[in-house]
Structure formats: C-alpha cells, structure tokens
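In: with the input below, show me the fold.
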Amino acid sequence: MNVITTFNAKRREKQIKYERRLLKEISIKLLSESVRKYFGTLKVQGGLFMQEGFDEACYDVAIESYLLGGKLSRLGKSGESIERIKSTVATELKHLTDTIYNFWLYWAEVGVANPVDESFYFACEQFVDNWWNEGFQKGIQRYKLRLH
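Out: Numbering: from 1, shown residues only. You can find the predicted model right below:
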C-alpha cells in the first residue's frame, strides 16, 4: 500500500532539510560576535537577564535573514545579479530591519539617556543585510560544491 503525500508537504520537508544543512555552518559564537559588533554599545532596561533576551531576539532576526539569503542563492548560481535578487526580497528585509529596530527601541535605554537618531536604524539595516549576504554566499558555495 502506498503512502499518499501532498506536494506542499514534500516541498516543506525538502525546505526544512535544506535549512538544517545551511544552519550547520553558523554558530552561536558567530551570532553573538555579530550582535556585539553592531549593537555592543546599547544598554538594556532590566539588566543582564533582559540583555540575554535581546541577544536571542537578534539571533532570531539574524537566522531569518541568513535563511532568506540561503534560500535565494539558487537564483545567484544561475547568474542573476545580487542587486536584482535583493530587490525581490526588499519587503522581507525591511520587515526584519523594522522588527529588530522596534524591538530595540522599545526595550533599550536609547530613548531614556540618548536621543534616538537614524544611525541606529542604519545599524539594524546593516545587521540584517550582513546576515542576508552571509546566507547568500554560503548558499552559492553549497551549490558550487553540489552540497544542496
């Protein structure tokens, strides 16, 4: 007797398998160094316990943008320009940037001690863009090595 599976279930299974393989190439240490690089000067209301929560929120956004870049690397292997690929996911990247920016605005002491300026938004934008590019490059590398 054959098991009937749907196309969507099979596609989702394949996507999860690819994401797991892609995620094996990053570490928590790499994520925390990146968070310190972009957001190291910000203090969080609530002390050390809350700081760990913010780090995890940044990890989530970094992983999402990394996976988004890795997913679209299949377009890069076929010769599509990176600017064109990035323009197709501009709304998703903006959403991730806004998510992390609003998260930090709500919980950080930026508005309390320092006036909020747009340079912080640019730091959030660079953080998301850096992780998208990292995922994109790793994905292209996996395709070149035929590890997809």
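
In: rest of the way, CA atoms for contacts and neighbours
Out: Fine.

In: which parts of stretch 75-87 are buried?
Out: Using 16 or more other C-alpha atoms under 10 Å as the test for burial, stretch 75-87 gives 75-76, 86.

In: now do stretch 20-31
Out: Buried residues in stretch 20-31, counted by 16+ other C-alpha under 10 Å: 22, 31.

In: any idea how far that stretch is from the chain center?
Out: Mean-position distance between stretch 20-31 and its chain equals 11 Å (C-alpha atoms, centre = their mean, to the nearest Å).

In: let me know the average pLDDT across that stretch.
Out: Model confidence over stretch 20-31, given as mean pLDDT, is 90.

In: cool, stretch 52-61 as well?
Out: 85.

In: with only the CA atoms kept, save that stretch in PDB.
Out: Provided in PDB are the C-alpha atoms of stretch 52-61 (Å, rounded to 0.1, in the frame of the first residue of the first chain):
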ATOM      1  CA  GLU A  52      20.300  37.800  27.100                       C
ATOM      2  CA  GLY A  53      16.700  38.000  25.800                       C
ATOM      3  CA  PHE A  54      17.700  40.800  23.500                       C
ATOM      4  CA  ASP A  55      20.600  38.800  22.200                       C
ATOM      5  CA  GLU A  56      18.300  35.900  21.400                       C
ATOM      6  CA  ALA A  57      15.900  38.200  19.600                       C
ATOM      7  CA  CYS A  58      18.800  39.500  17.500                       C
ATOM      8  CA  TYR A  59      19.800  35.800  16.900                       C
ATOM      9  CA  ASP A  60      16.300  35.100  15.600                       C
ATOM     10  CA  VAL A  61      16.400  38.000  13.100                       C
END
